[in-house]
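Participant: Here's a sequence, model it:
(chains A, B, C and D)
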2 protein chains.
Amino acid sequence: MVDQPEQSRYHHGDLRTALLEAAERSIRDSGVSQLSLRDLAREVGVSHAAPRRHFPERQDLLDALAERGYARLGESIREAVSDHDSEFPERMRRAASAFGHFATGNPALLELMNATKHRPGASSVPQSSAAAFAPILDLICEGQENKALRKGSPEEIGLIIYATINGITTLVNAGAISAERLDDLTITAVNQFLRGAAP
Amino acid sequence: MVDQPEQSRYHHGDLRTALLEAAERSIRDSGVSQLSLRDLAREVGVSHAAPRRHFPERQDLLDALAERGYARLGESIREAVSDHDSEFPERMRRAASAFGHFATGNPALLELMNATKHRPGASSVPQSSAAAFAPILDLICEGQENKALRKGSPEEIGLIIYATINGITTLVNAGAISAERLDDLTITAVNQFLRGAAP
DNA sequence: GCACTATGTAGCCTTTGACAACATTGTTGT
DNA sequence: ACAACAATGTTGTCAAAGGCTACATAGTGC
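Facilitator: Model (predicted):
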């Protein structure tokens, strides 16, 4: 399969990826509800039934989008936390901020990530979700070792801060809070969280 | 318009309400994405175009559902907070718990309430949202007067606890946390919030 | 009882997701 | 090399949905 200067090949080459990227653009512009498999097919230049080979049902594509979303979110958080020279509270704020900016920068994607899990046929979305959450868990454990956090289930502690930031971004994305207040609220929330979760 | 023992009248009488109630059942059973105006019309026993008189577009019905949701949520929170004999922290826990149970008891509705606001043509959803939020705001103010909470914008403080509970319910509804853990997490979150927001 | 408005009906159109039958390309074992 | 075979795309079809228009019926107010 060498590259063909122009004209269409019968086989696209990497249709799955092309569809996912087109879908991300689409939901970013017009939301999940407006996403149409046929539109994507047109945009990518394949027939209307081609996507079916990669995503038998519409929801399968949405799941794949959510999974990619979690992968990127996890990477973003991991990067934010990676500076091991900083103090624990600062790293916590960075992690929260990374989450917040990802969430408000990709509203439709976040909505998908928050909604798609509980379906019957277990996709691999929950796994991706847990993987994205892992760096926060690690950070919590480190905070406990440093005596910056009280003892107790790291998972429970992490869940609360995760939920808080998630909730704030939900309100921002819904328009209940202006986007400019995100940073301020995030910092306040984290600081308050740290005070409340101190030993 | 007297009641007609049986058979269909040309005019339904209260189609709008009937549609909304059918819609609530529908999303409870099968989620927002499966909601079909034509299904509702069939269920209620009117023609497929009748709903259009009350909800020109599908989204208008969703907005109305969200609005009713906020009305009920607000009522639920107001009731939870109404016991003025209890201590402030206890009332806070009750408010949070009321929110949590409403949210996990009506997952699809909550999703709608969290998503529907930011649309261009300003519906009255944001107003309803603010009204539901009001009792929490009042409670915060009272907590500040009682020196149970530090000074500072009540709205900002309230937003954080609201976001936290909202976030927890999102995780529960998404299946990331089991429903049994809701109460426990809510209590922990509120207690930690109170410690962190203490003067 | 007569206009006017509100509410419901019937029919049409376009788009969509899902499905099946068929076409083309890539791969693998011999 | 080449013959199965699997993977990937295409064309055609269908039922269901939302949205629209024209029309029918029922309340309401003058």
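Participant: From A:Ile161, how far off is A:Glu111?
Facilitator: 21 Å (C-beta to C-beta, to the nearest Å). Bear in mind the C-beta positions are built from the backbone N, C-alpha and C, glycine included.
Participant: Between the two, tell me which one has more neighbours.
Facilitator: A direct count of neighbours by other C-beta atoms under 10 Å in any protein chain shown for A:Glu111 and A:Ile161 places A:Ile161 higher, at 26 against 23.
Participant: Looks like that one contacts A:Val190 (just checking).
Facilitator: Yes - counting by C-beta atoms under 8 Å, A:Val190 is a contact partner of A:Ile161 at 7.1 Å.
Participant: okay, and the common contacts of these two?
Facilitator: Common contacts of A:Ile161 and A:Val190 (C-beta atoms under 8 Å, 6 or more residues apart in numbering or on different chains): A:92, A:96.
Participant: Around DNA strand C, pick out the residues from chain A.
Facilitator: For chain A, the residues in contact with DNA strand C (C-beta under 7 Å from any atom of the strand) are A:1, A:9-11, A:35-39, A:48-49, A:52, A:56-59.
Participant: Try it again at 10 Å.
Facilitator: Counting by C-beta under 10 Å from any atom of the strand, chain A comes close to DNA strand C at A:1-2, A:4, A:8-11, A:13, A:33-42, A:47-53, A:55-61.
Participant: Now the buried members of those.
Facilitator: Among the residues of chain A next to DNA strand C, those buried by neighbour count (16 or more other C-beta atoms under 10 Å in any protein chain shown) are A:35, A:37, A:40-41, A:50-51, A:55, A:61.
Participant: ok, of those residues, which one's closest to A:Ala22?
Facilitator: A:Leu40 (4.8 Å; C-beta to C-beta).
Participant: What helices and strands are in contact with the helix or strand encompassing that closest one?
Facilitator: Taking DSSP states H and E as the definition, A:Leu40 sits inside helix A:37-44. The helices and strands touching helix A:37-44, judged by 3 or more C-beta pairs under 8 Å, 6 or more residues apart in numbering or on different chains; DSSP states H and E, are helix A:15-30, helix A:51-54.
Participant: Can you give me the buried ones in the longest one?
Facilitator: Put plainly, it is helix A:15-30. In helix A:15-30, counting by 16+ other C-beta under 10 Å, buried: A:15, A:18-20, A:22-24, A:26-27.
Participant: Need the contact partners of that helix.
Facilitator: With C-beta under 8 Å, 6+ apart, helix A:15-30 has contacts from A:12, A:34-36, A:39-41, A:43-44, A:46, A:50-51, A:53-55, A:61, A:64-65, A:68, A:106, A:108-109, A:112.
Participant: Ok, the shortest one next?
Facilitator: Contacts to helix A:51-54, defined as C-beta under 8 Å, 6+ apart, come from residues A:15-16, A:19, A:37, A:40-41, A:61.
Participant: what separates stretch A:35-44 from the chain centre, distance-wise?
Facilitator: Between the centre of stretch A:35-44 and the centre of its chain there are 23 Å (C-alpha atoms, centre = their mean, to the nearest Å).
Participant: meant to ask about stretch A:123-137, not that
Facilitator: 10 Å.
Participant: and the next element down the chain from the top helix by length along chain A?
Facilitator: Secondary structure of chain A per DSSP state H: the longest helix is helix A:58-81. Per DSSP H and E, the first helix or strand lying C-terminal to helix A:58-81 is helix A:88-105.
Participant: what's the following helix or strand after that next one?
Facilitator: Using DSSP H and E, the helix or strand that directly follows helix A:88-105 along the chain is helix A:107-115.
Participant: for chain A, which spans come out with low pLDDT?
Facilitator: Within chain A, the ranges that satisfy pLDDT under 70 run A:1-8, A:10, A:116-122.
Participant: at 50 what do you get?
Facilitator: A:1-6 (pLDDT under 50).
Participant: what residues does it put near DNA strand D?
Facilitator: A:8-19, A:38, A:41, A:44-54.
Participant: Quick check: the gap between A:Ile160 and A:Asp138.
Facilitator: A:Ile160 is 16 Å from A:Asp138, by C-beta to C-beta.
Participant: again, but for A:Gly158
Facilitator: Taken as C-beta to C-beta, the span from A:Gly158 to A:Asp138 is 9 Å.
Participant: how many other residues sit next to the residue nearest to A:Glu155 when sequence neighbours are not counted?
Facilitator: Nearest non-adjacent residue to A:Glu155, counting by C-beta to C-beta, 6 or more residues apart in numbering or on different chains: A:Leu137, 6.6 Å away. Using other C-beta under 10 Å, A:Leu137 has 16 neighbouring residues.
Participant: What is the subsequent helix or strand relative to the helix or strand harbouring A:Leu137?
Facilitator: Here A:Leu137, judged by DSSP H and E, is contained in helix A:125-145. Using DSSP H and E, the helix or strand that follows helix A:125-145 in sequence is helix A:154-174.
Participant: what's the angle between that following helix and helix A:88-105?
Facilitator: Helix A:154-174 and helix A:88-105 are oriented at 40 degrees to each other (axes from the mean of the first three to the mean of the last three C-alpha atoms, to 10 degrees).
Participant: what packs against helix A:154-174?
Facilitator: helix A:88-105, helix A:107-115, helix A:125-145, helix A:182-196, helix B:107-115, helix B:154-174, helix B:182-196.
Participant: Including distance to A:Asn166, could the ones you listed go into JSON lines?
Facilitator: What follows is the helices and strands packed on helix A:154-174, written out as JSON lines (distance: least, C-beta to C-beta, whole Å):
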{"stretch": "helix A:88-105", "distance to A:Asn166": "7"}
{"stretch": "helix A:107-115", "distance to A:Asn166": "7"}
{"stretch": "helix A:125-145", "distance to A:Asn166": "11"}
{"stretch": "helix A:182-196", "distance to A:Asn166": "11"}
{"stretch": "helix B:107-115", "distance to A:Asn166": "11"}
{"stretch": "helix B:154-174", "distance to A:Asn166": "4"}
{"stretch": "helix B:182-196", "distance to A:Asn166": "13"}
